[in-house]
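Student: The amino acid sequence is not available; the structure is as follows:
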């Protein structure tokens, strides 16, 4: 009878991170600070690219796309976490949950692909410098960015409706802090193996293809960097690559762990790629990027 009542209510109940009062306060403060840093860092990076003509290159075009994805990605999740952390009512409507899951999956897939595109851009710049302007022109930049966003939203358009066609008759209490697909599979009384297989195949296709494209690009990049005679040129190339590899390792690693085995989903892993990574991406790229730091110094000195 309880399950029937929960099913008919059309709402889910997010159990969140903790039920301990003082831990809820700590979680709220930490997530709020991280979210504000995410917005500030990524918006600042987008604005710097817009106002400095030196930064209006394919690399920064893709970096601006990454920042926009991170802003949307984090905004899909964190505001609801903040509301639920201090609220006694942690319920979310069926439609609200579906929308959150849809944008979370779409933006996550888009980020996977845009990271691979950024690796290809670095490959073209370092390994094919004489043909770089021809290979990565503005039309190609727009096309690659559009493919990244498009594949993400198409992927979500397939998996989210399939997930919400399942009967959630075990419970409507979700042992998670937002509407993510793997925890929902545990709530269904129907065999979810077809959904799990579909998710795993999609994750393998998008994440592993993106990862291997990135890996192959960097194998060629590193072999070419060692051929650069100038130590300053090698240092600049390695600096750019190190920033990107740091971001790639964190994001791909957590995504692979989360979606290759949907039933073993972990809250900590979700926090890393939904909250931590969007916050540190602009920091990593800014700290290691001389052009970005010079633009910040120039604008601060002009105030």
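Tutor: Arrived safely. What you see is a predicted model, and the numbers here were worked out from it, not measured in a lab.
Student: use CA for all of it now, contacts and neighbours both
Tutor: Noted.
Student: what's the residue nearest the centre of the chain sitting at in phi/psi?
Tutor: The structure's the chain has its C-alpha centroid closest to residue 108; by Cα atoms, centre = their mean the separation is 4.4 Å. With angles defined as degrees, to the nearest 10, residue 108 shows backbone torsions of phi -60, psi -40.
Student: That one and residue 250, how far apart?
Tutor: 13 Å (Cα to Cα, to the nearest Å).
Student: ok, the nearest residue to residue 166 once chain neighbours are set aside - contacts?
Tutor: In this structure, residue 166 finds its nearest non-sequential neighbour in residue 188, 6.3 Å apart by Cα to Cα, 6 or more residues apart in numbering. By Cα atoms under 8 Å, 6 or more residues apart in numbering, the contact set of residue 188 is 166-171.
Student: Let's see that with 6 Å instead.
Tutor: 167-170 (Cα atoms under 6 Å, 6 or more residues apart in numbering).
Student: Just the pLDDT at it, thanks.
Tutor: Looking at residue 188, its pLDDT is 80.
Student: a helix runs through it, doesn't it?
Tutor: No. Secondary structure of residue 188 (DSSP: H, G, I helix; E, B strand; the rest coil): coil, not part of a helix.
Student: Could you check how far it is from residue 297?
Tutor: 54 Å.
Student: what do you get for residue 25?
Tutor: Residue 25 is 36 Å from residue 297, by Cα to Cα.
Student: the helices in the chain, which residues?
Tutor: 2-9, 21-51, 58-86, 94-127, 132-135, 138-164, 181-185, 193-203, 209-225, 231-260, 267-271, 277-287, 290-301 (DSSP state H).
Student: Lowest average confidence across those helices, which one?
Tutor: Lowest mean pLDDT within these: helix 2-9, a mean of 42.
Student: one step back: looking at the helices of the chain, which is nearest to residue 15?
Tutor: Smallest distance to residue 15 across these (Cα to Cα): 8.8 Å, for helix 58-86.
Student: If you count neighbours, what's buried in that closest one?
Tutor: Buried residues in helix 58-86, counted by 16 or more other Cα atoms under 10 Å: 58-78, 80-82, 84-85.
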